[in-house]
Structures are given as C-alpha cells and as structure tokens.
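**Student:** Build the 3D model from these lines:
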Amino acid sequence: MENNNEQLSVYLKNVCLAYDKTVLTDVNLQINKGEFVYLIGKTGAGKSTLLRCLYADLLIGSGEGTVCGFNLKDIPKKNIPLLRRKLGIVFQDIQLLTDRTVFDNLAFVLKATGIKDKAVIKEKVMNALSLVSLENKATVYPYTLSEGESQRITLARALVNNPEMIIADEPTGNLDPITSEEIVKLLFKINKEQGTTVLMATHDYLIINDFRSRVISCEDGRIRE
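**Tutor:** Here you go, the predicted structure:
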C-alpha cells in the first residue's frame with residue numbers, strides 16, 4: 001500500500017488494535033478523500049474499536065496509520081484536538097445538550113476549538129443547519145425535536161467546523177426506516193456536494209443495498225473488502 005497523504009483521508013498499514021476483548025490484527029485500509037465507505041460487521045467484531053482508533057480515542061499498538069494527515073502512531077495529546085477538528089463524529093446515541101438551544105449546541109463545538117468571533121460562529125452554525133434543512137430550529141431546545149430532527153442536528157453539529165471527514169457510528173441504529181433513509185440521503189448529499197469523506201458503520205443492509213457504495217467488513221479480527 002502506497003501512502004499518499006495528499007489523496008487519502010485514512011491510511012492504515014499492518015496495524016494492530018486491542019480494546020477490551022476485541023482485537024484487530026494486520027489492519028490494512030485506505031480511504032480516499034471524497035469516498036463514501038460503509039463499515040459492517042457483527043456486534044463485537046471491532047467496528048467501534050476501529051472508529052475510535054481513527055479519532056485517536058485508542059492508540060494503535062503497532063504498524064503505521066494516518067488520518068487526515070495526522071500520524072496516529074504515538075500522536076501527542078496536544079495534537080489530538082487538532083486531528084478532531086478535521087473530523088465530524090456522529091454517534092448512534094444522540095448526545096445533544098438538553099439545557100441549551102440547537103444554536104448553542106453547535107456554537108459550543110466551535111467555541112471549544114477556539115473560535116470566539118460571534119459573527120463567524122453565527123455564520124458557521126446557520127450554514128450547518130442549512131445543510132440539514134433545519135435553519136428554523138436554531139432557537140428551540142433538543143427535547144422539542146423528533147428523533148429524526150435530533151439526528152439531523154447531530155449531523156449538523158458534526159459539520160459545523162467544515163470537517164474533511166465524517167465518522168458515523170451506527171447513525172441510523174435507533175431510527176425508523178423512513179428516517180434512516182433521510183439521514184443516509186443527507187450523508188450522501190454532503191459527500192457529493194461538499195466532497196466530505198464519509199465512513200459509516202452500520203448493521204442496516206437494506207440501506208447498503210439501496211444506497212450502493214464501497215463496503216468494508218470487520219470479521220475474524222481483520223478488515224476485509
């Protein structure tokens with residue numbers, strides 16, 4: 001595998017990962033900038049372990065790895081926030097702050113990355129809400145939203161800092177089929193229109209069948225195409 005960081009969002013070569021009882025060995029993976037990739041596998045197969053490695057929540061045990069140009073091997077703690085600014089992370093469990101408005105949920109992310117200019121924050125927040133067609137929800141609180149709206153706001157929060165790559169861990173896992181389809185359509189739209197790389201872990205094979213793209217699998221402790 002040739003490592004050309006200019007063209008790759010993810011590069012892993014001969015990587016070993018271990019967390020709890022999950023062990024992935026000899027992981028070799030390349031994801032080009034602008035790709036949309038599904039990650040599948042049984043519960044406990046290592047999907048979340050792999051994703052946690054990509055945003056440096058777990059360190060690689062051996063091998064080589066880069067994400068969005070950042071070397072994952074012994075990455076200094078001070079560089080982890082810089083890496084995560086390049087990433088938008090969407091979880092299955094909607095983790096919005098219920099004591100503040102939708103606008104403030106998104107603004108919180110920007111402030112945490114050091115952006116203080118109120119005009120810049122407003123522009124970025126409203127642009128992100130526009131991408132998920134929920135500009136009219138900026139002033140409401142999360143508890144007033146439907147599950148589908150909540151997940152779209154979570155996606156907007158992941159987009160607010162113009163990430164190079166979205167990592168989505170079972171984003172449709174708790175949603176009904178119609179809402180799940182809406183979320184995946186949004187991810188494909190963002191992928192195509194913004195050029196954002198998307199890696200989406202899922203168990204939903206109907207989604208994979210309806211929205212075709214590259215598929216990689218965690219099985220038997222390895223990553224397979």
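**Student:** Please count neighbours and contacts with C-alpha atoms only from this point.
**Tutor:** OK.
**Student:** Which stretches in the chain count as helices?
**Tutor:** For the chain, the helices defined by DSSP state H cover 47-54, 80-85, 102-112, 118-131, 147-159, 177-194, 205-210.
**Student:** Return the most buried member of those helices.
**Tutor:** Sort the helices of the chain by mean neighbour count, taking mean count of other CA atoms under 10 Å, and helix 147-159 sits at the top with a mean of 24.
**Student:** how far does that helix sit from the chain's center?
**Tutor:** 12 Å (CA atoms, centre = their mean, to the nearest Å).
**Student:** before we move on, what about stretch 61-70?
**Tutor:** Worked out by CA atoms, centre = their mean, stretch 61-70 lies 17 Å from the chain centre.
**Student:** and the end-to-end length of that stretch?
**Tutor:** Using CA to CA, to the nearest Å, one end of stretch 61-70 lies 16 Å from the other.
**Student:** Against Asn32, how distant is the residue most central in space within the chain?
**Tutor:** Nearest to the mean C-alpha position of the chain, by CA atoms, centre = their mean, lies Ile167 at 1.6 Å. Computed as CA to CA, the Ile167 to Asn32 distance reads 14 Å.
**Student:** cool, and Pro76?
**Tutor:** 25 Å.
**Student:** any idea how the protein splits into domains?
**Tutor:** Taking automatic domain parsing as the reference, the chain has its domains at 1-86+165-225, 93-162.
**Student:** so how far is the first one from its chain's centroid?
**Tutor:** Centroid separation for domain 1-86+165-225 versus its chain: 8 Å, with CA atoms, centre = their mean.
**Student:** average pLDDT for it?
**Tutor:** Averaged across domain 1-86+165-225, the pLDDT comes to 89.
**Student:** With the last one instead?
**Tutor:** The pLDDT scores in domain 93-162 average 92.
**Student:** Out of the helices of the chain, which is closest to Ser62?
**Tutor:** helix 47-54 (12.0 Å; CA to CA).
**Student:** Quick one: list the elements packing against that closest one.
**Tutor:** strand 8-19, strand 165-169 (3 or more CA pairs under 8 Å, 6 or more residues apart in numbering; DSSP states H and E).
**Student:** Provide a list of residues in contact with Ser9.
**Tutor:** Contacts for Ser9 (CA atoms under 8 Å, 6 or more residues apart in numbering) come out as 30-33, 66-69, 164-165, 197.
**Student:** Was I right to think Thr196 contacts Phe188?
**Tutor:** No - using CA atoms under 8 Å, Thr196 makes no contact with Phe188, being 9.3 Å away.
**Student:** quick one: Asp169 and Ala201 touch, right?
**Tutor:** Yes - counting by CA under 8 Å, Asp169 touches Ala201, with 4.9 Å between them.
**Student:** Can I get the helices of the chain in JSON lines including distance to Asp26?
**Tutor:** Below are those laid out as JSON lines (distance: least, CA to CA, whole Å):
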{"stretch": "helix 47-54", "distance to Asp26": "12"}
{"stretch": "helix 80-85", "distance to Asp26": "23"}
{"stretch": "helix 102-112", "distance to Asp26": "35"}
{"stretch": "helix 118-131", "distance to Asp26": "37"}
{"stretch": "helix 147-159", "distance to Asp26": "30"}
{"stretch": "helix 177-194", "distance to Asp26": "29"}
{"stretch": "helix 205-210", "distance to Asp26": "26"}
